[in-house]
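Chemist: requesting a structural model of the entry that follows:
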Amino acid sequence: MSNGGAVSEAFLEVVRRMPKAELHCHLDGSLRASTLLTLSDDRGLVLPHRDPRALARWMRVDDAHNLEEYLSRFEITLAVMQSREELERIAQERVLDAALDGVRYLEMRFCPALHTRGGLSLDEVMQAVHQGLQRGEHDTGTVTRMIVCALRSFPWPHSMEMAELAVAHQEHGVVAFDLAGGELGNPAHEHAAAFDYARSHNLAVTVHAGEGDGPRSIHEAVHRCGANRIGHGTRLREDASLERYIVDRRIALEVCPTSNVQTRVVGRFSEHPMKRYAELGALVTINTDNTMMSGVTLTNEYVSCAQHLGLPLSTLGTLALNAFDAAFLPYAPRVALRDAAAQEIAQLLRDAPALVEVA
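Modeler: Residues are numbered from 1 along each chain as shown. Alright, predicted model coming up:
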């Protein structure tokens, strides 16, 4: 696949059918436009468009100058995510849509504290999202888990509360603790105690880093917070020593290329460093970040990597397996999912005609 080339319908269909795992997807950025309209109507909220397609285009954030501007659009979705019924519906629909896109394993992340404005307790928020995900899993067979996020811009007691909540729900679908939100000026070390608590209770850790700030943020995520995975990690290439450390220690990168273009971390898709990281041997995974705000599906992201970074189907298959390898599932079910995906991908690649690689 040459850089910038078009893809055939056959190529698109092979990628859609390819078994995939999504490790970095925010619930409050991944609603259906039709659902946003319906729930807004129910609450008497006025949106700028009545047509779901027009609304979806408007919600896609292509005019942000930085991460903070990108994040500002989330107030619109959060307004309709304050009841148990709303949360259950949105979580279930996210699984249904992911399954249609070939996703066999989905880690859904969210900050429970943002969903208590309507009177729900933190535990009720957790139960509602878990229930919705479980319904989606039952409907589709796609395995789902939750990641609890704390927000960098909130004072440290908030992150400790979220870490404690995550640990309390380990037996009810939570597989990791995360730190998200505006990165620049909000260093992760201010929340180190929360990460100590999560790790001391044997909970996995991932941290948004190297998106709104440079490699020093990634360094903090790894060495002060004990991150098992890095959310984004886009600016890792600016520190060669840290880059080698991430590669050598197999600390997975949750790469979200379209989102990185929207937040101006990279100038254009073709400049994204994920291909470099993969060639160095890093455990690179492809993710959507926010299906609504970025206007993408996971298949879209894989296909864009083929179009703009020149990645062939075989490499896309390797990256898909990376995501299963990096999943926060227990070892046995993780290996089972990975092995099943590997067999399917191998068969897809054998059956795919040579034409699918031609622009």
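Chemist: can we go C-alpha only for contacts and neighbour counts from here?
Modeler: Noted.
Chemist: the longest helix seen in the chain packs against which elements?
Modeler: Taking DSSP state H as the criterion, the chain has its longest helix at helix 331-351. Here helix 331-351 is seen to pack against helix 313-326 when contacts are counted using 3 or more CA pairs under 8 Å, 6 or more residues apart in numbering; DSSP states H and E.
Chemist: list the contacts of the helix it packs on.
Modeler: For helix 313-326, the surrounding residues in contact (CA atoms under 8 Å, 6 or more residues apart in numbering) are 15, 18-23, 105, 229, 252, 283-286, 302, 306, 334-335, 337-338, 341-342, 345, 349, 357.
Chemist: which among these end up buried?
Modeler: Listed as buried from the contacts of helix 313-326 are 15, 18-23, 105, 229, 252, 283-286, 302, 306, 334, 337-338, 341-342, 345, 357; burial here means 16 or more other CA atoms under 10 Å.
Chemist: among those, which are in strands?
Modeler: In this view, the buried ones among the contacts of helix 313-326 that belong to strands under DSSP state E are 20-23, 105, 229, 252, 284-286.
Chemist: would you mark the buried spots in the least confident helix or strand in the chain by mean pLDDT?
Modeler: Sorting the helices and strands of the chain by mean pLDDT, DSSP states H and E puts helix 67-72 at the bottom, at a mean of 78. Neighbour counts using 16+ other CA under 10 Å place 67, 70-71 of helix 67-72 among the buried residues.
Chemist: which secondary structure elements does that helix sit against?
Modeler: Secondary elements touching helix 67-72 (3+ CA pairs under 8 Å, 6+ apart): none.
Chemist: that one: what's the following helix or strand?
Modeler: helix 74-78 (DSSP states H and E).
Chemist: report the buried residues of that following helix.
Modeler: For helix 74-78, a neighbour-count test (16+ other CA under 10 Å) marks 76-78 as buried.
Chemist: got phi/psi on Pro187?
Modeler: phi -70, psi 150 (degrees, to the nearest 10).
Chemist: and it, how far is that from Val129?
Modeler: As judged by CA to CA, to the nearest Å, Pro187 and Val129 stand 29 Å apart.
Chemist: so those two - more neighbours on which side?
Modeler: The residue with more neighbours, out of Pro187 and Val129, is Val129; 27 against 18, by other CA atoms under 10 Å.
Chemist: in a helix, that one, correct?
Modeler: Yes - per DSSP: H, G, I helix; E, B strand; the rest coil, Val129 lies within a helix segment.
Chemist: my guess is it contacts Glu85. True?
Modeler: No - counting by CA atoms under 8 Å, Glu85 is not a contact partner of Val129; they are 9.5 Å apart.
Chemist: can you map out the helices along the stretch 1-150 of the chain?
Modeler: Using DSSP state H, counting those that start in this stretch, the helices found in the stretch 1-150 of the chain span residues 9-17, 33-43, 52-59, 67-72, 74-78, 84-100, 122-140.
Chemist: how near is Ala113 to Val167?
Modeler: Relative to Val167, and taking CA to CA, Ala113 is found at 15 Å.
Chemist: if you count surrounding residues, which of these two has more?
Modeler: Set side by side, Ala113 and Val167 show more neighbours around Val167, with 23 against 18, by other CA under 10 Å.
Chemist: how close does the spatially closest residue to Arg84 that is not a sequence neighbour sit to Gln92?
Modeler: Nearest residue to Arg84, sequence neighbours excluded (CA to CA, 6 or more residues apart in numbering): Ala128, at 5.3 Å. Using CA to CA, Ala128 is found at 10 Å from Gln92.
Chemist: same check, this time on Phe195
Modeler: As judged by CA to CA, Phe195 and Gln92 stand 29 Å apart.
Chemist: between the two, which one's more packed in?
Modeler: Using other CA under 10 Å, the more surrounded residue of Phe195 and Gln92 is Phe195, with 29 against 21.
Chemist: how about the contacts made by that one?
Modeler: Phe195 makes contact with 163, 177, 205, 225-226, according to CA under 8 Å, 6+ apart.
Chemist: from those residues, which ones fall inside helices?
Modeler: Counting by DSSP H, those place Ala163 in helices.
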